[in-house]
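Student: Fold the stuff below for me.
(4 chains)
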Protein chains: 2
Amino acid sequence: MESHSPNPSAGPTRHTGIPSNDGDADHFCSSCAFAEACSIAGYGKPELNDLHCLVEHVGPFEPGQRIFRAGDAFRALFAVRDGMIKTTLVDAEGREQVLGFYLPGELVGLDAIYPEHYPCDAIALETTQCCRFSFPAMSALAARQPKIQQHLFRLLSKELGSASLLAGDHSADERLAAFLIDLGDRYAARGLSGTEFRLSMARADIANYLRLAAETVSRVLGRFREQKLIAIDGRKVALLDTPRLRELARCVLNA
Amino acid sequence: MESHSPNPSAGPTRHTGIPSNDGDADHFCSSCAFAEACSIAGYGKPELNDLHCLVEHVGPFEPGQRIFRAGDAFRALFAVRDGMIKTTLVDAEGREQVLGFYLPGELVGLDAIYPEHYPCDAIALETTQCCRFSFPAMSALAARQPKIQQHLFRLLSKELGSASLLAGDHSADERLAAFLIDLGDRYAARGLSGTEFRLSMARADIANYLRLAAETVSRVLGRFREQKLIAIDGRKVALLDTPRLRELARCVLNA
DNA sequence: AAACTCTGTTGTTCTGAGTCAACACGCGGC
DNA sequence: GCCGCGTGTTGACTCAGAACAACAGAGTTT
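Tutor: Next comes the predicted model:
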């Protein structure tokens, strides 16, 4: 592990309901996957309370710890509050396959609804805290609150659209440019810098996610640096020439 | 076009509601994407009527005709009644990318919910008839009928899971074996033969869908024939050794 | 029946990315 | 300090599949 938290509490801790002393709740909630649903429902109204009552804070999870495992019964969706999660599939031959990376505000577990079991492992990449949304409670609420139902449909459909992107056959350069631009855009949507951020995942994870060899990722990032497209030092990256990167990424990202 | 229907009516025809003389309605509905939702609701009950009232039969569409185009406003989901549909994305460079093939009973358009516009073209590969489900009416019904809401969540989640499959990095042999096995399984789920069926799409479409060159598809199919895994004549294919094919496909298909 | 088009197959060459291997760096433990 | 370990970078070689090209068969058109 690159950085190991000095926090002595090894396992995840659980808080039922919303702690009253949660100072950053408002900040987090404003960029959470359900922010839109909440604001439509109207802060302070009973509907919002309904939504908050089915939420549970879980964590912290230390790097490498699993939030859920492939095969576990599906009970809940998880929104990342802080940190980062990767989801991985282990295929018949035992090879790991990275399906996605989830930033704060994003929702993990939507692909578990149909099989009713999580199809993949969810693994913390950094010290990570989550909101746990009970899915039965969530569906019940969605049935009463059309806006929330609509929101869930949209979240599912959105993930469906982005899943198609990685599927195309693109060069290593295009894939990496798209990866960096996409991460940047997602950080920006969260209100953080979209041009300077930390890659929480190892090069091998990036490579696996993009279906490339780790060596190829190294080489392409090196070339991008030579071409002054990015500055990169370890896991700290800065996008220097977003227009050219976006141009490279265009055929991957745009539908 | 390989086979051109002699049907003189060029454009798609529309029937509002369910024609009373639709002899095969029951047969089709029993294998449609909403069959489960209908049977849960209970045939003959008012809920089923609700569902049927928001359905419209559209078609026939002739091969090459579009059911919807990328960019069209999203109003409805389409279930294939008869024939076959491919969905294709046209990227910035104008290159076509096949996203999926849809058999009778399957639902097209779920990826349009989020963007509120169809992200891709839907093109008939054979003379094709569809059921058109108005999405606003569908959501309204889902809000009243939790089972139907649940069913839609499941359909979305299912498609999300299968989208991950093609994303893996697999050899041409594995991809083609998985493609054939998957098609067979889907035909079988529909009540048709899972080992002998027609490939409605051109080799170039298969290749594009699997992110291979058309020549590679030809060669691999030829090799499969030599190895007596399949018998293939033009677009008619028979799976001769499903166990071995399934073994080949294993790391692609199984999660 | 010749010319054309569309689809599919086969042969040859070429290349992007994988694989194997060596090595550099930072970090924690002894 | 030294060692081991995980992570990342770089170089040399290999290979699966792409690209290019030629051609065959089946329909259509003239």
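
Student: Centre-most residue in chain A?
Tutor: By Cα atoms, centre = their mean, chain A has its centre lying nearest to A:Y102, at 1.0 Å.

Student: beta partners for the spatially closest residue to that residue that is not a sequence neighbour?
Tutor: Distances taken as Cβ to Cβ, 6 or more residues apart in numbering or on different chains place A:I85 nearest to A:Y102, at 4.4 Å, with adjacent residues excluded. Quick note: C-beta positions are derived from backbone N, CA and C, even for glycine. Beta bridges link A:I85 to A:Y102, A:A124, judged by DSSP bridges.

Student: how near is A:I85 to DNA strand D?
Tutor: 16 Å (Cβ to the nearest atom of the strand, to the nearest Å).

Student: tell me the contacts of that residue?
Tutor: A:I67, A:F78, A:F101, A:Y102, A:V108, A:A122, A:I123, A:A124, A:L125, A:T128, A:C130 (Cβ atoms under 8 Å, 6 or more residues apart in numbering or on different chains).

Student: Just give me the neighbour total for the last one.
Tutor: Look at A:C130: counted by other Cβ atoms under 10 Å in any protein chain shown, it has 28 neighbours.

Student: For it, give its distance to B:S162.
Tutor: 26 Å (Cβ to Cβ, to the nearest Å).

Student: Spell out the residue ranges of the strands in chain A.
Tutor: Counting by DSSP state E, chain A has strands at residues A:13-15, A:55-61, A:66-68, A:76-82, A:85-90, A:96-102, A:107-108, A:121-124, A:128-134, A:196-198, A:230-233, A:236-239.

Student: Would you format these as JSON lines with distance to DNA strand C and mean pLDDT included?
Tutor: JSON lines is the format used below for the strands of chain A (distance: least, Cβ to the nearest atom of the strand, whole Å; pLDDT from 0 to 100):
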{"stretch": "strand A:13-15", "distance to DNA strand C": "23", "mean pLDDT": "44"}
{"stretch": "strand A:55-61", "distance to DNA strand C": "18", "mean pLDDT": "84"}
{"stretch": "strand A:66-68", "distance to DNA strand C": "22", "mean pLDDT": "93"}
{"stretch": "strand A:76-82", "distance to DNA strand C": "21", "mean pLDDT": "91"}
{"stretch": "strand A:85-90", "distance to DNA strand C": "17", "mean pLDDT": "92"}
{"stretch": "strand A:96-102", "distance to DNA strand C": "13", "mean pLDDT": "92"}
{"stretch": "strand A:107-108", "distance to DNA strand C": "26", "mean pLDDT": "92"}
{"stretch": "strand A:121-124", "distance to DNA strand C": "18", "mean pLDDT": "94"}
{"stretch": "strand A:128-134", "distance to DNA strand C": "19", "mean pLDDT": "89"}
{"stretch": "strand A:196-198", "distance to DNA strand C": "14", "mean pLDDT": "92"}
{"stretch": "strand A:230-233", "distance to DNA strand C": "10", "mean pLDDT": "92"}
{"stretch": "strand A:236-239", "distance to DNA strand C": "13", "mean pLDDT": "94"}
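
Student: Let's have those in JSON lines, adding distance to B:G222.
Tutor: Listed next are the strands of chain A as JSON lines, based on distance: least, Cβ to Cβ, whole Å:
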{"stretch": "strand A:13-15", "distance to B:G222": "58"}
{"stretch": "strand A:55-61", "distance to B:G222": "50"}
{"stretch": "strand A:66-68", "distance to B:G222": "44"}
{"stretch": "strand A:76-82", "distance to B:G222": "46"}
{"stretch": "strand A:85-90", "distance to B:G222": "31"}
{"stretch": "strand A:96-102", "distance to B:G222": "30"}
{"stretch": "strand A:107-108", "distance to B:G222": "43"}
{"stretch": "strand A:121-124", "distance to B:G222": "39"}
{"stretch": "strand A:128-134", "distance to B:G222": "50"}
{"stretch": "strand A:196-198", "distance to B:G222": "49"}
{"stretch": "strand A:230-233", "distance to B:G222": "44"}
{"stretch": "strand A:236-239", "distance to B:G222": "46"}
